[in-house]
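[1] one predicted model, sequence on top.
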Amino acid sequence: MTKKTVLLSCCLLFIVGALSAWFLTNRSMRDTQVCSATLFIYKDDIRANLTLDFMYTLQKKTGVVAVSGTYAQGDKTIGAIRRDVSYSWEENNDTFHFLSQKVKKYMTMKVYLMKK
């Protein structure tokens, strides 16, 4: 092989790699949707501050809800929550039916220290 052939082969491989990386990056950005909601729940003197982060794919009809937050009694924080819920959904006209597939629980350091 001559230097010219090697150089052209390298340039061709670089262009193909760059185009495939661009295509895959753009494709993943188009497919995934993100939405967030913040909830404040009160019952008696207990307060919960929760954040729901929805990440979903319209074409596959699947997604993950990340639930995180703290709960407090009065002014004292008594715990924290962190869960990832994988789900799928079915559509029927204007009705959506959500099915949870898996719940992944995380133990926060604060809760771990409180248990000891």
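    Structure's in. What do you need?
[2] show me where pLDDT drops low in this structure?
    Scanning the chain with the threshold set as pLDDT under 70 gives 1, 24-31, 108-116.
[3] just to be sure, Gly17 is in a helix?
    Yes: membership of Gly17 in a helix is supported by DSSP: H, G, I helix; E, B strand; the rest coil.
[4] that one: neighbour count?
    By other CB atoms under 10 Å, the residues close to Gly17 number 10. Every residue, glycine included, has its C-beta placed from N, CA and C.
[5] Met107: what's it in contact with?
    Arg82 (CB atoms under 8 Å, 6 or more residues apart in numbering).
[6] that one in helix, strand or coil?
    Per three-state DSSP, Met107 ends up coil.
[7] measure it to Lys76 for me?
    20 Å (CB to CB, to the nearest Å).
[8] try Phe14
    59 Å.
[9] who has more neighbours, the two?
    Remark: of Phe14 and Lys76, Phe14 carries more neighbours, 10 against 6, as counted by other CB under 10 Å.
[10] quick check, that one in a strand?
    No: looking at Phe14 with three-state DSSP, it is helix, so not inside a strand.
[11] quick check on the closest residue to Arg83 other than its chain neighbours: phi, psi?
    Nearest residue to Arg83 in three dimensions, chain neighbours excluded: Val67, at 4.5 Å (CB to CB, 6 or more residues apart in numbering). Backbone torsions for Val67, taken as degrees, to the nearest 10, come to phi -100, psi 120.
[12] buried residues, the longest strand along the chain. List them.
    Longest strand of the chain, by residue count under DSSP state E: strand 76-92. Going by neighbour count (16 or more other CB atoms under 10 Å), the buried part of strand 76-92 is 80-81, 84-85, 87.
[13] which of those sits closest to Lys60?
    Within the buried residues of strand 76-92, proximity to Lys60 (CB to CB) peaks at Tyr87, which comes in at 11.5 Å.
[14] so that closest one sits against His97, correct?
    No: counting by CB atoms under 8 Å, Tyr87 does not reach His97; the two are 10.4 Å apart.
[15] quick one: the helices in this protein?
    With DSSP state H, the ranges of helices along the chain come out as 3-31, 109-115.
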